[in-house]
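**Student:** next comes the sequence, and after it the predicted model I'd like to discuss.
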Amino acid sequence: MVGDSKSKRKDESEMTKEQCLAAEYSSNPALGSDLEFLPLSVVAYPFKDHNQLDSHFTGMDLRYKYGQFSNLKLRIKNTNGKVCPQEDEESSQYSTVLKVDHSSSCNPRCVEINNNSSSKIGGPVDSYLSYDCEAGFYKQLNNWISSAGHDYELSVCVDNRCRQFLFQLPEAASFSSAVSEQSLVLVDKTEYDATDALVLWIPTEVSGAAEPLSVKVTREVDNMTVAETVLDTNISLASLERGPGVMRVALTQLSLASGRYQALVTPQGTDQALLSARLTRPSYTQTALAFVTAILVTLLMVGVLLTIYRQWHSVAEHGAVEPNSLLSAGRMEARRVLVVTSLDSPDHVEVVRLFCRYLKDWCGVGSTYFAFDEATGIGVEQNDPWKWCQETCDKVKDDGTVVYIAGPDPSLADNTSIFPNLEQNQAFVMTRHLPVMGREGRVIVVKFGYSNLKTLPTEVPDHLKHSSLHLPKHMNEFLVRMLQVKKKALCRLLPCPVVKPDIRPSSLARTGGQELVQKIHELCQKDAKHKQSLVNNSLSCKDNSPILKNLDSARTFNKSDPPAETAALLSKEILNMNKKNHKSKDETLDIELEPTLPSTKNMEDRDRFDLE
């Protein structure tokens, strides 16, 4: 014997469960493809352990004519789904589960035997190899559970020609004192997989000379309580002089529909029927129908989605809004927009100025209240920044819109605005009206590609910051919300308003739009270059730089200091030096106009509801 997967002998090669299950038992041509008889039989017998009084399990004995093979390989595997997965699950489950779970109930038997000419047994020509080291039970939670009634798969290779069979293991109680063993009917699995035909290999021991056998095939489906008989015929086994083995019987007159088939072979004059394994025939018609149905449903869903997509765009285009035309027709009133943003960056101020001009030219906006606006800014009618904040707030609180625009990174600003902290004052004044305006959708937060949301006033709620609109990408959404344009219904059958109409100026293709996009792009590039320069400066700092030498008096550096800490200290020193160099620019003349007038620079300890 070359190897046994369950043997513990040191002179035999070990085989794991994975290797046993992965072993190939197929060949072309198959074993016995040109024969009607095989000197092979599977015999069941009562199995009893040495410490048992009675037999509880059924043993299996595989017999093959000894002088007709040089190499014999076999595998016996339980095909019950609760013990071993089916074939379509083996490749995925065994490759992963059994490598980890070696206590699995699935425990196949793989055996390889060599019969060299020097070890052949001399004697009668009917000498048979008997391998009876497998029994019908499996272990689960340290319990031995009988597998009688389960279907088994037998895979056999004789001198590299292979064939697979199925058989059903009988109950141990079915054996009587007069019958000590029973040959089993084999179902040809190889033939079924290749041609979808039901072929039986019937043991020659079950029939006397020329006595016919009764073969009955039953079919069972899920909703049937009684198995249906689909074939009932008598056959005769010829060539009994060949000796013990199995004869091939092809049931060509049987057409297999979907269901579970089982053959019952009964010798004439006896009542004991030999049951074959159950052969499950899937419903290919239903499978094909399900496949076709899935394709049709997929095509239908794709068609529906395409139709909805086209209808969506059609409704949006047909409901497109031209704000200036609505103003001319008297169907819409000009909007008033208060712009709150940081004023420290001149480039950003120019972008906001162009943005306000575009809103007034094309988007149905009558007035934009921006600090540097040519018509409504500070210094046009009101020179006091604080009173300007109050007056512009009063003009938009009832039916206007407040637009918070996030400015660029503070480090990008060259100097301080002539109206320092003006955006904080505007947000402070709007605090009282912000909840009502927010519920009515008249508060919008927007940002450009270079914007930093941290530049927004602290009074702006977080939920508005999180729902900020990115311009010019979300320009249409911004105009829909600013103009309070209602949504359109997708179709008459679905009256729910879900489609946002197109606001035609949102493309920014009109006069002033391309200039605005160009300015935004330039400032985005400037912001990117500035950030890259900061990174390069922090990485290129050396210990002998003048700035680090000035820092030596405050802290001693060594080569083990992390770069991040060095960069942080370097940034602080640069800021301190910039403050000293530009100290004259930050000096302002503090004139107290009225003792009770709040300052526009000192925001601490101010009552938000005391605006006068």
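**Tutor:** Thanks, I have it.
**Student:** ok, T218 touching L264?
**Tutor:** Yes: with contact defined as CB atoms under 8 Å, T218 reaches L264; the gap is 7.1 Å. No exception for glycine: its C-beta is placed from N, CA and C like everyone else's.
**Student:** end-to-end on stretch 133-141?
**Tutor:** 23 Å (CA to CA, to the nearest Å).
**Student:** how about it: buried residues?
**Tutor:** Neighbour counts over stretch 133-141 (16 or more other CB atoms under 10 Å) mark E134, A135, G136, F137, Y138 as buried.
**Student:** how far does that stretch sit from the chain's center?
**Tutor:** Put simply, stretch 133-141 sits 39 Å off its chain's centre (CA atoms, centre = their mean, to the nearest Å).
**Student:** what is the mean pLDDT for that stretch?
**Tutor:** Averaging pLDDT along stretch 133-141 gives 85.
**Student:** try stretch 104-114
**Tutor:** On average, stretch 104-114 scores 87.
**Student:** how close does A148 get to N80?
**Tutor:** 11 Å (CB to CB, to the nearest Å).
**Student:** state whether N476 is indeed within a helix.
**Tutor:** Yes: with DSSP: H, G, I helix; E, B strand; the rest coil as the criterion, N476 is part of a helix.
**Student:** skip the chain neighbours and tell me the closest residue to it.
**Tutor:** Setting aside the residues directly before and after it, N476 is nearest to S506 in space (CB to CB, 6 or more residues apart in numbering), at 3.8 Å.
**Student:** in a helix, that's where that neighbour is, yeah?
**Tutor:** Yes: secondary structure of S506 (three-state DSSP): part of a helix.
**Student:** report the contact partners of it.
**Tutor:** Contacts here follow CB atoms under 8 Å, 6 or more residues apart in numbering; on that basis S506 touches M475, N476, F478, L479.
**Student:** pretty sure the second one sits against I503.
**Tutor:** What that stands for is N476. Yes: using CB under 8 Å, N476 is in contact with I503, at 5.4 Å.
**Student:** sorry, back to before: what's the closest of the contacts of S506 to D159?
**Tutor:** If you rank those by distance to D159 using CB to CB, N476 comes first, at 77.9 Å.
**Student:** count the residues that sit near the closest one.
**Tutor:** As a burial measure, N476 scores 21 neighbours (other CB atoms under 10 Å).
**Student:** distance of the residue nearest to N476 relative to L490?
**Tutor:** Using CB to CB, S506 is found at 21 Å from L490.
**Student:** next, give phi and psi for the residue lying closest to Q484 once chain neighbours are set aside.
**Tutor:** Nearest residue to Q484 in three dimensions, chain neighbours excluded: G441, at 6.9 Å (CB to CB, 6+ apart). Dihedral pair for G441: phi 70, psi 20, per degrees, to the nearest 10.
**Student:** how far away is G441 from K82?
**Tutor:** 61 Å.
**Student:** go on, D462?
**Tutor:** Relative to K82, and taking CB to CB, D462 is found at 55 Å.
**Student:** neighbour count for those two, which is higher?
**Tutor:** K82 (13 against 8).
**Student:** just the C-alphas of stretch 322-330, formatted as CSV.
**Tutor:** Taking C-alpha atoms only, stretch 322-330 is exported to CSV below (Å, rounded to 0.1, in the frame of the first residue of the first chain):
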residue,chain,number,x,y,z
GLU,A,322,-34.1,83.3,-17.8
PRO,A,323,-34.1,85.6,-14.7
ASN,A,324,-33.9,88.9,-16.6
SER,A,325,-36.8,87.9,-18.8
LEU,A,326,-38.9,87.2,-15.8
LEU,A,327,-38.0,90.6,-14.3
SER,A,328,-39.0,92.3,-17.5
ALA,A,329,-42.3,90.5,-17.6
GLY,A,330,-43.0,91.4,-14.0
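**Student:** can you list contacts of that stretch?
**Tutor:** Applying CB under 8 Å, 6+ apart, the contact partners of stretch 322-330 are M332, E333, A334, W362, C363, G364, L479, L483, I503, R504, P505.
**Student:** mind doing that once more with 10 Å?
**Tutor:** With CB atoms under 10 Å, 6 or more residues apart in numbering as the test, stretch 322-330 has contacts from 331-335, 359, 361-366, 479, 482-483, 485, 502-505.
**Student:** wait, a strand at Q390?
**Tutor:** No: counting by three-state DSSP, Q390 is located in no strand; its state is helix.
**Student:** may I ask you to confirm that it is in contact with H433?
**Tutor:** No: applying CB atoms under 10 Å, one finds Q390 not in contact with H433, separated by 11.8 Å.
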